[in-house]
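>>> coords please:
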Amino acid sequence: MSFKKFCPKCGKETDQLIDGFCKNCAVTKEKPLVSSIKVHYCSCTRIKEKGKWIQYENINDAIRSIIKNNTKLKHFEIEYSPVIFEGKITLPVTLKSHNNHVIDLIFISHSCDVCSRKAGNYYEGTLQIRGNINKADEIKDYITLKSEEYKDKYENSFLQPAEYSKHGIDIRFGSTKAIMKIIREIRNNFSVTIKHSFELAGMKDGKHMSRKTILIRIE
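Here you go, the predicted model:
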């Protein structure tokens, strides 16, 4: 035997209660729905929320987070048409579960902190790969792959373009923490010897700053 559900606010019979109310009354309990939201995004897929650049796995997760943070809605379904993110664009998003209310997300292109550092040639140290060039390229590709995998875990986990010379390959890296994690994995997957050194890189806030140099020599 099934029991009918009634909204305690308007008395309407409903198949589903949201937080104890029917769909329409549940909406009125939330913050009034906005008509548009400005969103600052970076070409690397990071989006700025509450003053911080956040990396999302996909645009759907990003849109849900943006709407949730700007409306305080807890329960909603969204519908939108795919667009190409370039420059300033407006993306209409329909809230299917709230009387098809449309919110225009106005995406404005910016460079996030990480991309700004990368473009400014920021780096915390240098990898030097020495030895057989074929193996050196294999290790370089491995480091590049791992650096991309760790970009969500370690801030500034990026690499500057590799530089080739008669001595081998040099790669400047943005995150010492990320590169040390990668180095431990390289030890386990390649036959190499690894040495560490530091060089003075100037002063900051009255303190000496240094950059790390990691030599990977292929055995």
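
>>> For this protein, name the helix or strand with the lowest mean pLDDT.
helix 23-29 (a mean of 62; mean pLDDT, DSSP states H and E).

>>> mind listing what the residue nearest to the spatial centre of the chain touches?
By Cα atoms, centre = their mean, the chain has its centre lying nearest to Gln55, at 1.7 Å. Neighbouring residues of Gln55 by Cβ atoms under 8 Å, 6 or more residues apart in numbering: Cys44, Thr45, Arg46, Lys151, Asp152. The way it works is simple: take the backbone N, C-alpha and C, and place the C-beta from them, glycine included.

>>> so what's the closest residue to Glu79 other than its chain neighbours up against?
Among residues not flanking Glu79 along the chain, Thr94 sits closest, at 4.5 Å (Cβ to Cβ, 6 or more residues apart in numbering). For Thr94, the contacting residues are Ile78, Glu79, Tyr80, Asn100, His101, Val102, by Cβ under 8 Å, 6+ apart.

>>> buried stuff in whichever strand or helix holds Thr94?
Assigned by DSSP states H and E, Thr94 belongs to strand 89-95. Across strand 89-95, burial judged by 16 or more other Cβ atoms under 10 Å covers Leu91, Val93, Thr94, Leu95.

>>> for stretch 163-183, same thing?
168-176, 178-179, 181-183.

>>> One more: stretch 181-190?
Neighbour-count burial for stretch 181-190 [16+ other Cβ under 10 Å]: Lys181, Ile182, Ile183, Ile186.

>>> Ok, stretch 67-81 next?
Within stretch 67-81, judged by 16+ other Cβ under 10 Å, the buried ones are Ile67, Asn70, Thr71, Leu73, Phe76.

>>> Among those, find me the one that's closest to Pro8.
Of all the buried residues of stretch 67-81, Leu73 has the smallest distance to Pro8: 20.1 Å, by Cβ to Cβ.

>>> Among the buried residues of stretch 67-81, which pair sits farthest apart?
Top of the distance list for the buried residues of stretch 67-81 (Cβ to Cβ): Asn70 and Phe76, 11.9 Å.

>>> Could you tell me which of the buried residues of stretch 67-81 belong to helices?
Among the buried residues of stretch 67-81, DSSP state H puts Ile67, Asn70, Thr71 in helices.

>>> Return the member of those nearest to Val114.
The closest of these, once distances to Val114 are taken by Cβ to Cβ, is Asn70, at 23.9 Å.

>>> Okay then, goodbye and thanks.
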